[in-house]
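In: Just to be clear, the model below is a prediction. Sequence and coordinates:
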Amino acid sequence: MQQETRKIQITQDTRVSSVFALPDGYPSSRDTAVILAHGAGNGMDHPFISHFHRAFAEAGLLSVKFNFPYMESGRKAPDRMPLLETTWRAVIRAVREDSEWAPRHLYLAGKSMGGRVASHVVSQGEACSGLIFLGYPLHPARQADRRRVAHWSGLSCPVLFVQGTRDALCDLNILESELPKIQSGAALHIIEGGDHSFKTPKSSGKSAEDIWTDVNSAIVSWVKKITDGES
């Protein structure tokens, strides 16, 4: 696996860091890529993001992770939604327009906020092969009536939700009741006992690495199924 760090221009005055992980043997017959966005509280170098970034590449997928501008500059408060969306679009463009590595099939993935922003970009017309939510923030904690689903009817690609049963930001019963809004199809991978960060009680006997490995296997299988259907 080869890794390359790049700066991506977001606006005239803003650039962010990204890391392209090129799997051995790429490009292959599938030429498939996954772009991975971090959540609100941690950047692209957090162990959670780095694990999936590396694991996707080891599974044969071109894997790209990046920082949002606020994280790049060391600020704690996330950027406003328009800049977050602009960042996603700029990274997508950088991957699609790469003269050597441009994929035929592109998936957008994100932890919490990163996935939510990707879904807004897709609902506004950005094309991709599929969306992968690593803990979708369906509603604020203890405010299940404030559901972030108004744009779901505009999604035009298959969607995979990876959710824990103890996620304070996603009541699974509510999620399942809202899934029909996604007319392009939605799959759900459940982590028993998992919270918003996929952590499970010690009694589960599973380490973070165990859980992440299981989740990665589910994601790669889903991506292969969708990609084979497109080919």
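Out: Here it is on my side, so go on.
In: Determine the longest helix present in the protein.
Out: Assignment by DSSP state H gives helix 208-230 as the longest helix of the chain.
In: what ranges do the strands span in this structure?
Out: 2-11, 14-22, 32-37, 62-66, 105-111, 130-134, 159-164, 186-191 (DSSP state E).
In: nearest to Cys170, of the ones you listed?
Out: strand 159-164 (5.3 Å; Cβ to Cβ). (Glycine included, C-beta is placed from N, CA and C.)
In: strand partners of the closest one, parallel vs antiparallel please.
Out: strand 130-134 (parallel), strand 186-191 (parallel) (DSSP bridges).
In: If you average the pLDDT over the longest helix of the chain, what comes out?
Out: For helix 208-230, mean pLDDT rounds to 95.
In: same for that helix, what does it pack against?
Out: Secondary-structure packing of helix 208-230 (3 or more Cβ pairs under 8 Å, 6 or more residues apart in numbering; DSSP states H and E): strand 32-37, helix 47-58, strand 105-111, strand 130-134, strand 159-164, strand 186-191.
In: Make sure Val215 is actually in contact with Gly164.
Out: No. Look at Val215 against Gly164 with Cβ atoms under 8 Å: they stay out of range, at 10.1 Å.
In: where do the contact lists of those two overlap?
Out: Both Val215 and Gly164 are contacted by Ile191, Phe198, under the criterion Cβ atoms under 8 Å, 6 or more residues apart in numbering.
In: any chance of the helices and strands packed on helix 208-230 in CSV, with distance to Val95 and mean pLDDT too?
Out: As requested, the helices and strands packed on helix 208-230 are arranged in CSV below (distance: least, Cβ to Cβ, whole Å; pLDDT from 0 to 100):
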stretch, distance to Val95, mean pLDDT
strand 32-37, 6, 98
helix 47-58, 13, 97
strand 105-111, 7, 98
strand 130-134, 15, 99
strand 159-164, 19, 99
strand 186-191, 24, 98
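In: In a markdown table: these, plus distance to Val223.
Out: A markdown table is the format used below for those (distance: least, Cβ to Cβ, whole Å):
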| stretch | distance to Val223 |
| --- | --- |
| strand 32-37 | 7 |
| helix 47-58 | 9 |
| strand 105-111 | 6 |
| strand 130-134 | 7 |
| strand 159-164 | 8 |
| strand 186-191 | 11 |
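In: Looking at those, which is nearest to Tyr70?
Out: strand 32-37 (12.7 Å).
In: What's the separation between the most far-flung residue of the chain relative to its centre and Leu84?
Out: What lies farthest from the middle of the chain is Ser203; by Cα atoms, centre = their mean that is 28.4 Å. Using Cβ to Cβ, to the nearest Å, Ser203 is found at 37 Å from Leu84.
In: cool, and Ser221?
Out: In terms of Cβ to Cβ, Ser221 sits 29 Å off from Leu84.
In: Likewise for Gln143?
Out: On the measure of Cβ to Cβ, Gln143 and Leu84 end up 21 Å apart.
In: between the two, who's got more neighbours?
Out: Under the neighbour definition other Cβ atoms under 10 Å, Gln143 and Leu84 were set side by side, and Leu84 has more, 23 against 9.
In: Contact partners for that one?
Out: Contacts of Leu84 by Cβ under 8 Å, 6+ apart are Phe68, Pro78, Met113, Val117.
In: Thank you kindly, that will do.
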